[in-house]
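Novice: Need a 3D model of the sequence below.
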Amino acid sequence: MGVPFETLLPYAIMMFGITGGALTKVKNMQNGGKRPRHSIDAWDRQMMERDRRLTGWLRGQTDNVKAPAGFELNNPWKVEPLIQ
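Specialist: Prediction:
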């Protein structure tokens, strides 16, 4: 004898809720405890990359006036070797 599908609906609703909560938590953890960003343009990507190089986190920010030691040589641009 089969089980009516109405008995399984609460389990399906619980699974959607648990999965949604888990995905929200994972996204939150990946962004350093901040809400995920949407519609990121080139300027935002550039600033987020700068923040990642300064703090180690993509969304991290610092209020230090001076950059950490070694940051002056930490250039994200790839330089081609000189052709002679």
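Novice: Flag every buried residue along the helix or strand of the chain with the lowest mean pLDDT.
Specialist: Across the helices and strands of the chain, mean pLDDT, DSSP states H and E gives its lowest value to helix 42-55, namely a mean of 85. Neighbour counts over helix 42-55 (16 or more other C-beta atoms under 10 Å) mark 48, 51, 54 as buried. The C-beta positions use only the backbone N, C-alpha and C, and glycine is treated the same way.
Novice: quick one, what contacts the last one?
Specialist: Shown in contact with L54 (C-beta atoms under 8 Å, 6 or more residues apart in numbering): 60, 62, 67-68, 71.
Novice: now swap in the first one and tell me
Specialist: With contact taken as C-beta under 8 Å, 6+ apart, M48 is in contact with 40, 58-59.
Novice: ok so, going back, need the buried residues of helix 42-55 in JSON lines (columns: distance to K34).
Specialist: Output for the buried residues of helix 42-55, formatted as JSON lines (distance: C-beta to C-beta, whole Å):
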{"residue": "M48", "distance to K34": "11"}
{"residue": "D51", "distance to K34": "11"}
{"residue": "L54", "distance to K34": "16"}
